[in-house]
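Chemist: Sequence and computational prediction follow.
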Amino acid sequence: MASTIVPLDTPQGQARFFVDLADRPISILVLGHGAGGGVAAADLELLARRLPPLGITVARFEQPWRTAGRQVGAPPPRQEQEWAQQPLVAGGRSAGARVACRTGSDTNAAGILCLAFPLHLPGQPEKSRLTELLTPRQPRLVVQGSKDSFGTAEELRAAIGKVAGITLVELPGVGHSYRIAKSSAVEPATLHATLVTEVSRFIASTVGITTS
């Protein structure tokens, strides 16, 4: 079933929500997209398909610059203006995860989902964005590939240390886009099942629900 597209007028122009409704919703997951892609990213689409049957409505938020057909994102402050005040569990992939973390104190989200959090630019580990991930007061789930050039799961694990409130799930053999390397022994179905299971479990724990 196709997503319901809901236009949204914002100070930065028209944005859109791509909404996949659960028949009997018990929670809402709001997801932002990355700087180099859109709401059609494979992991965002997977969650939009697989979580509604578990009672979780998924709303993928498309930033105004993307709706307008531009390939380059707006500066961070403008992205925050459009994102703040999203309900329940907020999150996104890459740049979308950064936005969700930076606006954590401004939203009423029970938790924050970070898919492929960009800890640093490729080859520049000294320019860490760890502070953004540590700032929110809400519980955070980070799902990171073991071969992510923007910061591997191992790098994140070392950087986070024993900080409370952050759960890290490693996806073996995948990079920033969650594509599986040809040399990996992990099957796509296994990767997809892990992603859906971990995200639904996180949502259930943060908003106090039981998924079926």
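Modeler: That came in fine, so what should we check first? Numbering: from 1, shown residues only.

Chemist: Show me what whichever helix in the chain runs longest is packed against.
Modeler: Longest helix of the chain, by residue count under DSSP state H: helix 188-207. Other helices and strands packing on helix 188-207, by 3 or more CB pairs under 8 Å, 6 or more residues apart in numbering; DSSP states H and E, are strand 27-32, helix 42-50, strand 89-93, strand 111-115, strand 140-145, strand 166-171. From N, CA and C alone the C-beta is placed, and that goes for glycine too.

Chemist: Could you figure out how far the very next helix or strand once past the second one is turned away from strand 89-93?
Modeler: The C-terminal neighbour of helix 42-50 among helices and strands, as given by DSSP states H and E, is strand 56-62. For strand 56-62 and strand 89-93, the angle between their directions (axes from the mean of the first three to the mean of the last three CA atoms, to 10 degrees) works out to 50 degrees.

Chemist: what angle separates strand 56-62 from helix 188-207?
Modeler: Computed by the same axes, to 10 degrees, the angle separating strand 56-62 from helix 188-207 equals 100 degrees.

Chemist: Which neighbouring elements make contact with strand 56-62?
Modeler: In this structure, strand 56-62 makes packing contacts with strand 13-20, strand 27-32, helix 42-50, judged by 3+ CB pairs under 8 Å, 6+ apart.

Chemist: any chance of these in CSV, with distance to V186 and mean neighbour count too?
Modeler: Formatted as CSV, the helices and strands packed on strand 56-62 follow (distance: least, CB to CB, whole Å; neighbours: other CB atoms under 10 Å):
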stretch, distance to V186, mean neighbour count
strand 13-20, 26, 18
strand 27-32, 23, 25
helix 42-50, 14, 20
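
Chemist: so what pLDDT did the residue lying farthest from the centre of the chain get?
Modeler: Distance from the C-alpha centroid of the chain, by CA atoms, centre = their mean, peaks at S183 (26.1 Å). Looking at S183, its pLDDT reads 74.

Chemist: just L29 next, same as before
Modeler: At L29, the model reports a pLDDT of 91.

Chemist: hmm, back to that, among the helices and strands packed on strand 56-62, which is nearest V196?
Modeler: Nearest to V196 among these is helix 42-50; the distance by CB to CB comes to 4.5 Å.

Chemist: what's the closest one packed up against?
Modeler: In terms of contacts (3+ CB pairs under 8 Å, 6+ apart), helix 42-50 is packed against strand 13-20, strand 27-32, strand 56-62, strand 89-93, helix 188-207.

Chemist: got any ranges where the protein has weak pLDDT?
Modeler: Within the chain, the segments meeting pLDDT under 70 span 71-88, 208-212.

Chemist: Next, name the residue at the spatial heart of it.
Modeler: By CA atoms, centre = their mean, the chain has its centre lying nearest to G92, at 2.2 Å.
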